[in-house]
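Asker: show me the folded form of this:
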Amino acid sequence: MTTAPKTEPTLLADTGSDERKSFSDYVREHPGAFVAGGVVLGVVLGALFPKRAGGAVAKRALALAATAGELGLAAGRHAREGAEKAAHEARDLIDRDADIVREKAGRLAAAARETGQRVADRASGLASRLKH
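Answerer: Here you go, the predicted structure:
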């Protein structure tokens, strides 16, 4: 009975969450280096392809970039419109609630005036009875 030789784990098979995390951290800490690396890779790949193939790829990439830009603008517009709508609705609620509060405050003030007038009238009546 023969056993298969043990193989060392490859770098790809051995990458765990720590390595992925450190790569993500590196990209977050050095976004310029990541972008520069992408540009260099693009230049190298562009040099490897013939001009015709590179032109077609470039046109497609440009079209995709334009589409992504348009989608980003549309998403921004949609977010702005949603925020404006929410602000308008909030103003309407505040105005409605303010009107309700003003109305209740007016009724309370009127009731307080009436109560104050009645108390003053009774006090005046008691004072006049005590004098006589």
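
Asker: spatially central residue in this structure, please.
Answerer: Ala79 (8.6 Å; CA atoms, centre = their mean).

Asker: and stretch 108-118, average pLDDT?
Answerer: Taken as a whole, stretch 108-118 has a mean pLDDT of 91.

Asker: right, I mislabeled it, should have said stretch 35-55
Answerer: 70.

Asker: residue boundaries of the helices in this structure?
Answerer: 11-14, 17-29, 31-48, 51-131 (DSSP state H).

Asker: measure the residue nearest to the centre of the chain to Ala86 for me?
Answerer: According to CB to CB, to the nearest Å, Ala79 stands 11 Å off from Ala86. Any C-beta I mention is one placed from the backbone N, CA and C, and that applies to glycine too.

Asker: equivalent analysis for Ala110, please.
Answerer: From Ala110 to Ala86 the distance is 36 Å (CB to CB).

Asker: again, but for His30
Answerer: 37 Å.

Asker: same check, this time on Ala33
Answerer: According to CB to CB, Ala33 and Ala86 sit 39 Å apart.

Asker: swap in Arg60?
Answerer: 39 Å.

Asker: try Asp99
Answerer: 20 Å.

Asker: torsion angles phi and psi at His30?
Answerer: phi -130, psi 60 (degrees, to the nearest 10).

Asker: and Gly42, how many neighbours?
Answerer: Gly42 has 13 neighbours, counted by other CB atoms under 10 Å.

Asker: next: Val57.
Answerer: 14.

Asker: over to Arg28?
Answerer: Neighbour number of Arg28 under other CB under 10 Å is 9.

Asker: ok, the one 3 residues further on next?
Answerer: Close neighbours of Pro31, defined as other CB under 10 Å, add up to 10.

Asker: who's in contact with Leu108?
Answerer: Contact criterion CB atoms under 8 Å, 6 or more residues apart in numbering gives no residues in contact with Leu108.

Asker: also the one 10 residues further on?
Answerer: For Arg118, no residue meets the contact criterion (CB under 8 Å, 6+ apart).
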